[in-house]
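Mind looking at a prediction? Sequence and model below.
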Amino acid sequence: MLILAPMQGLTELLFRRAFQRCYHNAFDCAISPFLSLTHGNLKDATVKVEDVLPKLNTNSMPVIPQLLGHEAESFIDLANRLNDLGYSEVNWNMGCPMRRVAAKHRGSGILPYPEEVRSILDTVVPRLKTTLSVKVRLGYYSPDEIDHIIPILNDYPLTSVTVHPRTGKQMYSGLINIDKFTQILPLINHPVIYNGDICTPYDYRRIRTLFPSVKDVMIGRGALYNPLLPMQIRTEFPEDFDSAVLPLTQQPTAKQFIVSLIGDILQMNVSNQAKIRKIKEYWCLLSKALPDSEERKRRVLHSADLETILRLIDEMTK
Ligand SMILES: Cc1cc2nc3c(=O)[nH]c(=O)nc-3n(C[C@H](O)[C@H](O)[C@H](O)COP(=O)(O)O)c2cc1C
């Protein structure tokens, strides 16, 4: 399976819908950007539950909602509300590296505290109406923190464990720790999903060759740098996937995808300022798919006026 990674502000409903429209079933499913359990009042989560409302997700790829937080009661409450909406699985975010999140033992900030992980799973798992999967890093401070987390994860009936082999302190850069991933893989008694730095079919091949037991791969930034990436992977490795895919030459180009996504942003019922912010967030990553000079691409980020931005993008996506 190819799974679209959760990326707050990026792989939200708008993106998932545009991606599915252009590259039908390129991803088998997506994990949603996290819904945050803030101090048990579900305020943030309630706002963002829209992102995973089934009636809005009908034209999207299948999605598994992700929860961020360590408040067990809120977790159970939200997960079971999601189950009432039709979701049969939720994913627990144990990977977010942001300092303000981690400082409260949320995301990857919980990884140095295995007993907290056990206590949450002990409370949550028996009362969940959904199944549970988790997404982890190797640790927050040290890649060896995972050594104390794996035996705990093995004690619960998880559907999968997605591993991004970095520490929280590394954020999103620095070397992926393949040696540590190699060491822990046989110790995890659940299906393991690999995630991290898959930006080309070659990267995919490397992971599948190094780790034949890992059947499922999650892709984040690679799909924004090059929206054709999942289709390229499916084309090069048809034996890995069930579905037949259209020849690559018949797939929309990256330019067409960008135009389509921006068209959706322009339809949003928000201010022009909000549209500009959104277009620029995507442009930072998606523009990598275009051959124009960096200087020319930067002009979009330096413009403050929607008309100018659209004209510049139009010139580069013709
Ligand atoms: C802007 C941004 C937002 C992210 N938001 C989330 C999130 O909501 N939940 C999560 O589990 N991971 C989140 N991640 C991490 C990605 O899911 C993924 O683990 C990471 O980008 C590494 O995979 P990649 O190299 O394929 O991008 C985010 C990453 C970025 C760059």
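The structure has been received and is ready for your questions.

ok, and what's touching stretch 272-284?
If you take CB atoms under 8 Å, 6 or more residues apart in numbering as the criterion, stretch 272-284 is touched by 9-10, 14-15, 224, 258, 261-262, 265-266, 268, 270, 297, 300-301, 304, 306, 309, 313. Every C-beta, even on glycine, is put in place using the N, C-alpha and C of the backbone.

Look up the closest residue to residue 94, ignoring the ones flanking it.
Leaving aside its sequence neighbours, residue 94 sits nearest to residue 136 (CB to CB, 6 or more residues apart in numbering; 4.5 Å).

no no, residue 86
Closest to residue 86 by CB to CB, 6+ apart is residue 54, at 5.0 Å.

can you check residue 270 too?
Using CB to CB, 6+ apart, the closest residue to residue 270 is residue 278 (7.9 Å).

try residue 8
residue 33 is the one closest to residue 8 (CB to CB, 6+ apart), at 4.2 Å.

Now do that neighbour against residue 12, distance only.
Noted for residue 33: a distance of 6 Å to residue 12, by CB to CB, to the nearest Å.

Same list, the contacts of stretch 272-284, but only the ones touching the ligand.
residue 10 (CB under 6 Å from any ligand atom).

Checking the residue nearest to residue 270 next. Helix, strand or coil?
Using DSSP: H, G, I helix; E, B strand; the rest coil, the structure places residue 278 in helix.

Tell me if I am right that residue 194 is in a helix.
No - counting by three-state DSSP, residue 194 is not found in a helix; it is strand.

Next, count neighbours for it.
24 (other CB atoms under 10 Å).

That one contacts residue 207, doesn't it?
Yes - in terms of CB atoms under 8 Å, residue 194 counts as a neighbour of residue 207; the distance is 5.3 Å.

Which residues are in contact with each of the two?
214, 217.

any idea of the pLDDT on the closest residue to residue 299 other than its chain neighbours?
Distances taken as CB to CB, 6+ apart put residue 312 closest to residue 299, at 5.5 Å, once the chain neighbours are dropped. Looking at residue 312, its pLDDT stands at 98.

ok, residue 312 touching residue 298?
No - counting by CB under 8 Å, no contact exists between residue 312 and residue 298, whose distance comes to 10.0 Å.

So if I had to pick from the two, which one is more boxed in?
residue 312 (19 against 13).

hmm, back to that, can you pull the residues that touch both of residue 33 and residue 12?
residue 51.

Which stretches in the stretch 201-318 of the chain count as helices?
201-210, 221-225, 229-236, 254-267, 272-286, 294-302, 306-317 (DSSP state H, counting those that start in this stretch).

got a list of what residue 145 touches?
111, 112, 114, 138, 139, 167.

can you list the residues you listed in JSON lines and add pLDDT?
Shown next, in JSON lines, are those (pLDDT from 0 to 100):
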{"residue": "111", "pLDDT": "98"}
{"residue": "112", "pLDDT": "98"}
{"residue": "114", "pLDDT": "98"}
{"residue": "138", "pLDDT": "98"}
{"residue": "139", "pLDDT": "98"}
{"residue": "167", "pLDDT": "98"}
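
From these, pick the one nearest residue 154.
Relative to residue 154, the closest of the contacts of residue 145 is residue 114; by CB to CB it sits at 12.1 Å.

Quick one: residues contacting the closest one.
Per CB under 8 Å, 6+ apart, neighbours of residue 114: 145, 148, 149, 152.

so how far is residue 135 from the residue of the stretch 101-250 of the chain found nearest the ligand?
Residue nearest to the ligand within the stretch 101-250 of the chain (CB to the nearest ligand atom): residue 220, separated by 2.7 Å. Applying CB to CB, the value for residue 220 to residue 135 is 11 Å.

cool, and residue 210?
Applying CB to CB, the value for residue 210 to residue 135 is 20 Å.

neighbour-wise, which of the two wins?
Comparing residue 210 with residue 135 by neighbour count (other CB under 10 Å), the higher total belongs to residue 135, at 26 against 13.

what's across from the more buried one in the sheet?
residue 93, residue 162 (DSSP bridges).

Might one say that it is in contact with residue 92?
Yes - the criterion here is CB under 8 Å, and residue 135 meets it with residue 92 at 7.3 Å.

ok so, going back, got the confidence number for the residue nearest to residue 86?
Per the predicted model, pLDDT is 86 at residue 54.

before we move on, what about residue 41?
The model's pLDDT for residue 41 equals 51.

start at 58 instead
Right, with 58 as the first residue, what we last looked at is residue 98.

And the pLDDT at the spatially closest residue to residue 313 that is not a sequence neighbour?
Closest residue to residue 313 apart from its sequence neighbours, by CB to CB, 6+ apart: residue 79 at 6.8 Å. pLDDT for residue 79: 96.

Surely residue 79 and residue 320 touch.
No - the pair residue 79 and residue 320 does not pass the contact test of CB under 8 Å, sitting 11.2 Å apart.
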